[in-house]
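Enquirer: the following block contains a protein sequence and its predicted model.
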Amino acid sequence: MDYSRQSLRIAHKALKRAKDWMRNAEVALEEKRWNDVVYSAQMGAEQSMKGILLAMGVSYKRVHDISVPFSLLPSKEELSEEFRQSISKFSEWLVQLTEQRHLAGYGFEEDLNEDHFKEYAPIALNKGQTIYETCVAELNRLST
């Protein structure tokens with residue numbers, strides 16, 4: 001198997017996992033578990049973006065905020081112009097989502113109540129879904 005096919009295969013696995021996180025976020029929204037919406041939406045966005053990094057053969061540290069290596073992708077000519085134009089925005093969103101994810105996971109340490117994320121949860125879900133859907137479309141384009 002050549003490197004690019006292997007990279008694409010692994011990238012598709014990352015996007016499959018991202019899909020699971022996004023579904024978790026949707027269910028959490030239905031169940032009004034606001035902190036779980038934020039947590040899962042961030043994980044879905046993160047794994048979607050990591051999938052594109054993997055497809056491009058870009059290495060990254062195993063951290064949640066991969067906005068820096070992701071922000072360097074506009075130099076990759078294999079990516080569509082439309083996707084490259086989204087990179088900066090997605091990188092900014094991931095920074096925001098990652099900050100909120102930390103609070104969503106450890107808000108009890110800050111004595112946050114369960115409604116703290118009520119207003120932000122739908123915003124987080126929307127950002128996560130947009131990143132996920134855009135990354136899926138781009139990965140599918142790259143795979144053809």
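Expert: Perfect, thanks for sending it.
Enquirer: worst-scoring helix or strand of this structure, pLDDT-wise?
Expert: helix 67-71 (a mean of 92; mean pLDDT, DSSP states H and E).
Enquirer: elements contacting that helix?
Expert: When contacts are defined as 3 or more CB pairs under 8 Å, 6 or more residues apart in numbering; DSSP states H and E, helix 67-71 packs onto helix 34-55, helix 81-106. Yep, even glycine has a C-beta here, placed from its N, CA and C like the rest.
Enquirer: give me the residues contacting it.
Expert: Under the contact criterion CB atoms under 8 Å, 6 or more residues apart in numbering, helix 67-71 has outside partners 49, 52-53, 58-60, 87-88, 90-92, 94-95, 98.
Enquirer: turn the helices and strands packed on helix 67-71 into a markdown table, including distance to residue 73.
Expert: What follows is the helices and strands packed on helix 67-71, written out as a markdown table (distance: least, CB to CB, whole Å):
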| stretch | distance to residue 73 |
| --- | --- |
| helix 34-55 | 7 |
| helix 81-106 | 5 |
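Enquirer: which of those helices sits most buried?
Expert: Sort the helices and strands packed on helix 67-71 by mean neighbour count, taking mean count of other CB atoms under 10 Å, and helix 34-55 sits at the top with a mean of 26.
Enquirer: return that one as PDB; C-alpha atoms alone will do.
Expert: The C-alpha atoms that make up helix 34-55 are tabulated as PDB, following Å, rounded to 0.1, in the frame of the first residue of the first chain:
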ATOM      1  CA  TRP A  34     -25.200  21.100  27.700                       C
ATOM      2  CA  ASN A  35     -21.700  20.300  28.800                       C
ATOM      3  CA  ASP A  36     -21.700  17.000  26.900                       C
ATOM      4  CA  VAL A  37     -22.800  18.800  23.800                       C
ATOM      5  CA  VAL A  38     -19.800  21.200  24.000                       C
ATOM      6  CA  TYR A  39     -17.400  18.300  24.900                       C
ATOM      7  CA  SER A  40     -18.500  16.100  22.100                       C
ATOM      8  CA  ALA A  41     -18.700  18.900  19.500                       C
ATOM      9  CA  GLN A  42     -15.100  19.800  20.200                       C
ATOM     10  CA  MET A  43     -14.000  16.300  19.900                       C
ATOM     11  CA  GLY A  44     -15.800  15.800  16.600                       C
ATOM     12  CA  ALA A  45     -14.300  19.000  15.200                       C
ATOM     13  CA  GLU A  46     -10.800  18.000  16.500                       C
ATOM     14  CA  GLN A  47     -10.900  14.600  15.000                       C
ATOM     15  CA  SER A  48     -12.300  15.900  11.700                       C
ATOM     16  CA  MET A  49      -9.400  18.300  11.400                       C
ATOM     17  CA  LYS A  50      -6.900  15.600  12.400                       C
ATOM     18  CA  GLY A  51      -8.300  13.500   9.600                       C
ATOM     19  CA  ILE A  52      -7.400  16.100   7.100                       C
ATOM     20  CA  LEU A  53      -3.900  16.500   8.600                       C
ATOM     21  CA  LEU A  54      -3.500  12.700   8.400                       C
ATOM     22  CA  ALA A  55      -4.600  12.700   4.700                       C
END
